[in-house]
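# fold the stuff below for me.
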Amino acid sequence: MLSPAVLVPAFTQTLSSPVLTAPVPLPRISMGPRPTITPQEAQNGASKATSEERRTSLSSVAATQNTSGAQDGAYTVRPSSGPRGTQPFTLAVLLHGRVFNIPIRRLADGRHYALGREGRNHEELFSSVAAMVQHYMQHPLPLLDRQSGSRQLTCLLFPTKP
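This is a model prediction of the structure:
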């Protein structure tokens, strides 16, 4: 059963186009899981995670993957251990038994968020962390394995608690 298209405030900017343009919305096939943080948490920030919390969030999911049925696409948004001003959160995603930790950056304008490190030619901008999560629940998120250099895609499918 198809539901109507949902607009997500994601914007695309490239070096050749100084103006932000909204992507074309795609129809949703099903209502996906809810983001793990509220828009208020994304706007106001959350308390800094301890190293123990970071290790146990998705790492415990990955460790029990074979016995408990943890699935690719499990994710959590946690407070970042990096510089809190420009990188307030980290998106942790489980894929093929590995946890990918992706920094969520707050841009200098203070009104947009982006995934990954600075300096990319093409990056999607979001009005909130919740909008970013919702976007990647419906569109594949590219994940780069630094060890092998391989690029894999997954959607955010199963929210977990940090």
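
# distance of residue 141 relative to residue 155?
With distances taken as Cβ to Cβ, to the nearest Å, residue 141 is found 7 Å from residue 155. Just so you know, the C-beta spots here come from the backbone N, C-alpha and C atoms, and that holds for glycine as well.

# neighbour count: those two, which is higher?
Higher neighbour count among residue 141 and residue 155: residue 141, with 22 against 17, using other Cβ atoms under 10 Å.

# helices along this protein, start to end?
39-44, 51-63, 65-68, 129-138 (DSSP state H).

# lowest average confidence across the ones you listed, which one?
Of all the helices of the chain, the minimum mean pLDDT falls on helix 65-68 (a mean of 40).

# pull the helix or strand with minimum mean pLDDT from the chain.
Least confident element among the helices and strands of the chain, by mean pLDDT, DSSP states H and E: helix 65-68 (a mean of 40).

# the longest strand in this protein is where?
strand 98-106 (DSSP state E).

# ok, that strand: who's next to it in the sheet?
Sheet partners assigned to strand 98-106 using DSSP bridges are listed as strand 89-95 (antiparallel), strand 113-115 (antiparallel).

# which among those is found nearest to residue 150?
strand 89-95 (10.9 Å; Cβ to Cβ).

# with just CA atoms, put that closest one into PDB.
This file holds the C-alpha atoms of strand 89-95, laid out as PDB (Å, rounded to 0.1, in the frame of the first residue of the first chain):
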ATOM      1  CA  PHE A  89      25.900  14.300  17.300                       C
ATOM      2  CA  THR A  90      27.200  11.100  15.700                       C
ATOM      3  CA  LEU A  91      25.000   8.800  13.600                       C
ATOM      4  CA  ALA A  92      26.000   5.100  14.300                       C
ATOM      5  CA  VAL A  93      24.800   2.600  11.700                       C
ATOM      6  CA  LEU A  94      25.100  -1.200  11.700                       C
ATOM      7  CA  LEU A  95      25.900  -2.900   8.400                       C
END
